[in-house]
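Q: dropping the sequence and predicted coords here.
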Amino acid sequence: MWAWRLEAPGKGFDYKQVPEPVVRAGTVRVRVDAAPLLSYLRAYTAGELTALQPPDGEFTPGTNGVGVIDKVGEDVWHLHAGQRVVLSPYIVADENVDEPAEVLAGLTAMSEGSGMLQAWPDGTLAEKVLVPASAVTPVPDTLRDVDGETLAALSRCVVPYGGLLRGRLAAGETLIVHGATGAFGSAAVLVGLAMGAERVIAAGRNPSALASLSGLPRVRTVQMTGDVGADMAALRQAADGGAHCGLDIVGRASDPAGTLSALRSLRRRGRLVLMGSMTVPLTIDYGEFMSSGWELIGNFMYPRQALRHLLRLVAAGLLDLDRIPRRPFPMSELREAMNAAERPAAPLIVMTTT
């Protein structure tokens, strides 16, 4: 089969023929139809993201995907060849321990997951990929006419969905999304609406991106200025007094002002979920935090059932994946696609094998 193979970040990266992966117990082999790209894939393959822990030795990068099962191994009871599925790179060791190892296949280990990553080094930038059965979600028959490029947009939605689940967003509540002008943040607005938020406050700095969200029902937008007091007041006004839940999903923030504004715009006993990243400390006023009864929740990724639930929201007409712009590229044109993916306000770049 054809696959992109990376010797190591910063080293050789080529599209070449390699043997098909061998199916083993508890796994399925999937013929990939569509594979969405991370915006930072070029930087990753160039060796510029030193904080990540890639596999040892040559491997195929790539995270999420959409495809059809080609073959199943022993001890797989509910999946079968010919079944259409979506793929998650997030693999958690299926062992009854307090803190099971976690990896993102084709990308990085997390904490103590480096050994497990050697068992699952390869991602979806190939004609076929071998994955554990736990990382595969069948596409329901009601969505059989939805193409793979569209389903690939689930990769944008599932990450913020994990955060909103962790933040216990309930139907009828008001949600603030800080970083709503980014790729995951704009998807978070759609997911919050699909989950039944009475109102979603989309907060960000990019006025044109905010304008594209302002036409959605039950959405109000706030352009952030970096002034904590002014932004807090604007967010609270948009939320009619404060939000029940907030999701902060700004990547590599160099100033904590926006996050603090989102936190202070919560109503009493509100919850703020952190899913972005920040290059400076986040300093919190102890007395204000305690007296307000706020919760500050760090969250990574999503539970195993998340993609299954999102597919139900799509099937019910509650989550419109067509609102996430996409641009397809043939798998052989990955280098051009990686450059396109890292441009500001880029659409979701999807690699296709057909």
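A: Right, received. Where do you want to start?
Q: give me the mean pLDDT for the strand or helix carrying Val131.
A: Taking DSSP states H and E as the definition, Val131 sits inside strand 128-132. Mean pLDDT, computed over strand 128-132, is 98.
Q: how far off centre is that strand?
A: In terms of C-alpha atoms, centre = their mean, to the nearest Å, the centre of strand 128-132 is set 19 Å apart from its chain centre.
Q: which residues does that strand contact?
A: 1, 20-24, 26-32, 60, 62, 65, 67, 70, 87, 91, 94, 105, 120, 122-123 (C-beta atoms under 8 Å, 6 or more residues apart in numbering). Any C-beta I mention is one placed from the backbone N, CA and C, and that applies to glycine too.
Q: buried set for the lowest-mean-pLDDT helix or strand in the chain?
A: For the chain, scoring each helix and strand by mean pLDDT, DSSP states H and E identifies helix 114-119 as the least confident one, at a mean of 89. Of the residues in helix 114-119, those buried by neighbour count under the rule 16 or more other C-beta atoms under 10 Å are 114, 116-117.
Q: how near is the residue lying closest to Pro281 once chain neighbours are set aside to Thr283?
A: Excluding the flanking residues, the one nearest Pro281 by C-beta to C-beta, 6 or more residues apart in numbering is Pro256, at 7.3 Å. From Pro256 across to Thr283, the span is 7 Å (C-beta to C-beta, to the nearest Å).
Q: neighbour count: those two, which is higher?
A: For Pro256 and Thr283, the more surrounded residue by other C-beta atoms under 10 Å is Pro256, and the numbers stand at 17 against 8.
Q: need the contact list for the more buried one.
A: By C-beta under 8 Å, 6+ apart, the neighbours of Pro256 are 278, 280-283.
Q: mind doing that once more with 7 Å?
A: Applying C-beta atoms under 7 Å, 6 or more residues apart in numbering, we find Pro256 in contact with 278, 280, 282-283.
Q: Ala3 contacts Val18, correct?
A: Yes - counting by C-beta atoms under 7 Å, Ala3 touches Val18, with 5.2 Å between them.
Q: between these two, which is the more surrounded one?
A: It is Ala3, of Ala3 and Val18, that has more neighbours when counted by other C-beta under 10 Å, with 26 against 16.
Q: can you read off the pLDDT for that one?
A: So, for Ala3, pLDDT stands at 98.
Q: so how far is Pro160 from it?
A: Computed as C-beta to C-beta, the Ala3 to Pro160 distance reads 30 Å.
Q: with Glu95 instead?
A: 28 Å.
Q: on that earlier part again, closest to Ala243 out of the contacts of Pro256?
A: If you rank the contacts of Pro256 by distance to Ala243 using C-beta to C-beta, Leu282 comes first, at 18.5 Å.
Q: unless I misread the structure, that closest one falls within a helix.
A: No - Leu282: not assigned to a helix; according to DSSP: H, G, I helix; E, B strand; the rest coil it is coil.
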